[in-house]
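# sequence unknown, structure follows:
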Ligand SMILES: NC(=O)c1ccc[n+]([C@@H]2O[C@H](COP(=O)([O-])OP(=O)(O)OC[C@H]3O[C@@H](n4cnc5c(N)ncnc54)[C@H](OP(=O)(O)O)[C@@H]3O)[C@@H](O)[C@H]2O)c1
């Protein structure tokens with residue numbers, strides 16, 4: 001009898017897989033049976049993770065070294081997404097934070113953050129969406145942040161990049177979602193990873209009651225994916241709060257584009273007829 005080797009899952013491409021949330025996604029997805037393509041700058045760390053995951057799970061793991069702020073590297077990854085029809089899951093996770101006030105940031109810092117958190121995320125989403133749409137099959141997970149909902153948090157540029165990721169995913173779902181193509185945006189709160197040290201904040205200053213372990217965060221995010229959630233906020237106890245927020249936004253929708261300004265601006269005196 002011939003044995004056909006069937007993969008129930010395609011390959012998953014995870015950006016920012018050398019540490020933190022991305023490395024944890026890689027672990028969980030390997031355990032779910034996905035072959036993996038691990039993307040980040042630190043090839044040695046990726047190789048170390050790949051070796052462990054191959055030994056523990058038997059899946060194929062490839063290391064794809066790329067600096068997503070580098071145009072040539074980003075193009076290389078887009079080409080891979082366009083050409084490799086085995087990829088049916090992309091975790092758009094690589095990202096960085098920028099602490100300190102807006103007045104302290106310099107042009108280069110701002111540009112690098114936007115290149116990584118916005119430009120690379122959008123271009124990879126575009127390459128993945130085209131490939132998935134053509135095959136009517138695929139899942140794109142974008143990692144946002146609750147900071148994108150909280151201008152009050154005073155992390156202006158980082159928060160704005162994460163608000164972009166939320167909008168991007170909601171918009172992609174409206175335009176392309178369904179018919180085999182799935183989108184999810186995950187909004188972590190503070191999570192114990194290297195991001196704090198990398199962006200100049202002492203992790204010992206984090207409130208332990210408001211900071212999640214990365215394992216719990218990723219397990220909850222994947223549970224949200226399995227439930228079919230478009231927006232997953234692992235910390236939020238009552239999903240009705242999110243639904244009410246969306247309902248309030250949509251209540252405004254019919255009034256957001258009109259032929260005349262609202263009366264309170266006094267631009268056009270209503271004429272009695
Ligand atoms: N931790 C939190 O509290 C938290 C909360 C909300 C949202 N998030 C989001 O979660 C995502 C992952 O963050 P994390 O906490 O896991 O951070 P992390 O531990 O610092 O890991 C960041 C990952 O991104 C990769 N990366 C950074 N710059 C890159 C570049 N130029 N090109 C390619 N890869 C790059 C890093 O790998 P290399 O250095 O090897 O390139 C690393 O694998 C980010 O989008 C972050 O905004 C985190």
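On my side now, so go ahead. Source: prediction; values computed, not measured. Numbers count the residues shown, from 1 in each chain.
# pull the residues that contact whichever helix or strand residue 64 is part of.
Per DSSP states H and E: residue 64 is located in strand 61-65. Strand 61-65 has contacts (C-beta atoms under 8 Å, 6 or more residues apart in numbering) with 13, 26, 30, 35-43, 46-47, 49-50, 53-54, 73, 77, 80. Using the backbone N, CA and C atoms, a C-beta is placed for each residue, glycine as well.
# mind listing which of those are in helices?
Residues of the contacts of strand 61-65 located in helices (DSSP state H): 26, 30, 43, 46-47, 49-50, 53-54, 73, 77, 80.
# tell me the one among those residues nearest to residue 17.
Comparing these against residue 17 with C-beta to C-beta places residue 26 closest, at 4.7 Å.
# test my guess that that closest one contacts residue 48.
No: using C-beta atoms under 8 Å, residue 26 is not in contact with residue 48; the gap is 11.5 Å.
# which one's more surrounded, these two?
Neighbours per residue (other C-beta atoms under 10 Å) separate residue 26 from residue 48, with residue 26 holding more: 29 against 14.
# relative to residue 56, how far out is the more buried one?
Distance, residue 26 to residue 56, using C-beta to C-beta, to the nearest Å: 11 Å.
# tell me the mean pLDDT for the biggest helix by length in the chain?
If you go by DSSP H, the chain has its longest helix at helix 156-176. What helix 156-176 shows for mean pLDDT is 98.
# need the residues that contact that helix.
95, 97-99, 102, 105, 110, 113-114, 117-118, 121-122, 125, 129, 132-133, 140, 142-145, 147-151, 153, 183-185, 187, 230-231.
# residues of that helix that come out buried?
156-166, 168-170, 172-173, 176 (16 or more other C-beta atoms under 10 Å).
# repeat for stretch 126-140
By neighbour count on 16+ other C-beta under 10 Å, the buried set for stretch 126-140 is 127-129, 131-132, 138-140.
# of those, which are in range of the ligand?
Among the buried residues of stretch 126-140, none lies close to the ligand by the criterion of C-beta under 6 Å from any ligand atom.
# same list, those residues, but as TSV with distance to residue 239 and pLDDT please.
Listed next are the buried residues of stretch 126-140 as TSV, based on distance: C-beta to C-beta, whole Å; pLDDT from 0 to 100:
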residue	distance to residue 239	pLDDT
127	31	98
128	26	98
129	26	98
131	31	98
132	26	98
138	25	98
139	20	98
140	21	98
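# out of those residues, which are inside helices?
Those of the buried residues of stretch 126-140 lying in helices (DSSP H): 127-129, 131-132.
# from those residues, which is closest to residue 220?
Of those, the one sitting nearest to residue 220 (C-beta to C-beta) turns out to be residue 128, at 22.8 Å.
# and the stretch 101-250 of the chain, which residues reach the ligand?
116, 143, 145, 188, 190-191, 193-195, 198.
# what lines up beside the strand holding residue 64 in the sheet?
When pairing is defined by DSSP bridges, strand 61-65 lines up against strand 35-40 (parallel).
# rewinding a little: now for the buried residues of stretch 126-140, which pair is the farthest apart?
127 and 139 (14.3 Å).
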